[in-house]
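Trainee: give me coordinates for this.
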Amino acid sequence: MVGAAVAGLAMMTLAACSNTETGQASASAAGATGSGSPAISLPSRPKDIPLNGVDPCALLTAAQRSQFGINGGKETIVGHGETGKACGYNFTAIGSGTGGYDISTITSPGIEHWLNPNLIAKVKQVAVAGFPAVDITNEGEATGCGTAISVADGQMLMVDNGVVAQGMTSAQSCAKTNAVAEAAMATLQTLK
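Mentor: Predicted structure coming up:
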């Protein structure tokens, strides 16, 4: 499972603990992020999709799992200090060297957590399925990528690939987590 590596990625990204408030991320909440990342001000969501009661193991269909070369998901732990559920999907190919993906339906904190100016992670603004999102990587470390999508006030869908194959760049890992996140968002929108 990727869970332990991802939890480590999430915890190593904070230089200091802080409280986050629920609500839409804004320029005033953004500030400059660590590692020289520019200030991030996320646009509004096209709609709210609350994650309460959503099973993250139901967010990838059999066809989507086949597309990404992963097995059916198994419940795993959510990162430290987060509230919600997580599901680990392992790669079907033995020796892929990358572990798999964790998908988390986080009901607290929201994406504002990743806009904390005290982060030591590299945070880059992206969009997933038309929703504001960020890619999170550790500068100089081949530890993979996390993609966080703002789906409702104080809630985010998170896709992590915490351990990457030798030679894979952070950009390649983020491209993969973005693709898995797009698929999960497509399924999520059919459930709500």
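Trainee: wouldn't residue 71 be in contact with residue 93 here?
Mentor: No: using CB atoms under 8 Å, residue 71 makes no contact with residue 93, being 10.3 Å away. All C-beta spots, glycine's among them, are computed from the backbone N, C-alpha and C.
Trainee: can you show me the strands along the chain?
Mentor: With strands called from DSSP state E, the chain shows them at 74-76, 83-90, 100-108, 122-128, 131-137, 145-152, 155-161.
Trainee: for stretch 122-129, list the C-alpha coordinates in CSV.
Mentor: Extracted in CSV, the C-alpha atoms of stretch 122-129 (Å, rounded to 0.1, in the frame of the first residue of the first chain):
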residue,chain,number,x,y,z
LYS,A,122,6.1,22.5,-3.8
VAL,A,123,2.5,23.3,-4.6
LYS,A,124,1.3,24.0,-8.2
GLN,A,125,-2.2,25.1,-9.2
VAL,A,126,-4.0,22.8,-11.7
ALA,A,127,-7.6,22.0,-12.6
VAL,A,128,-9.1,18.5,-12.5
ALA,A,129,-12.5,17.9,-14.2
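Trainee: may I see the buried residues of it?
Mentor: 122, 123, 124, 125, 126, 128, 129 (16 or more other CB atoms under 10 Å).
Trainee: list of residues touching that stretch?
Mentor: The contact list for stretch 122-129 (CB atoms under 8 Å, 6 or more residues apart in numbering) reads 33-35, 37, 40, 42, 114-115, 132-139, 147, 149, 170, 174, 178, 181-182, 185-186, 189.
Trainee: OK, contacts around the residue lying closest to residue 184 once chain neighbours are set aside?
Mentor: Once flanking residues are discounted, residue 184 sits nearest to residue 59: 4.2 Å by CB to CB, 6 or more residues apart in numbering. Counting by CB under 8 Å, 6+ apart, residue 59 touches 87, 103, 105, 157, 184, 187, 188.
Trainee: could you rerun that using 6 Å?
Mentor: Counting by CB atoms under 6 Å, 6 or more residues apart in numbering, residue 59 touches 103, 184, 187, 188.
Trainee: could you check the pLDDT of it?
Mentor: At residue 59, the pLDDT value in this model is 97.
Trainee: can you check residue 163 too?
Mentor: So residue 163 comes in at 68 (pLDDT).
Trainee: next one: residue 191
Mentor: pLDDT at residue 191 comes out at 89.
Trainee: and what of residue 31?
Mentor: Reported pLDDT for residue 31: 35.
Trainee: and what of residue 12?
Mentor: On pLDDT, residue 12 comes in at 36.
Trainee: do the same with the one 4 residues further on
Mentor: Per-residue confidence (pLDDT) for residue 16: 30.
Trainee: residue ranges with poor pLDDT in the chain?
Mentor: Along the chain, the parts satisfying pLDDT under 70 run over 1-38, 80, 94-98, 140-143, 163-166.
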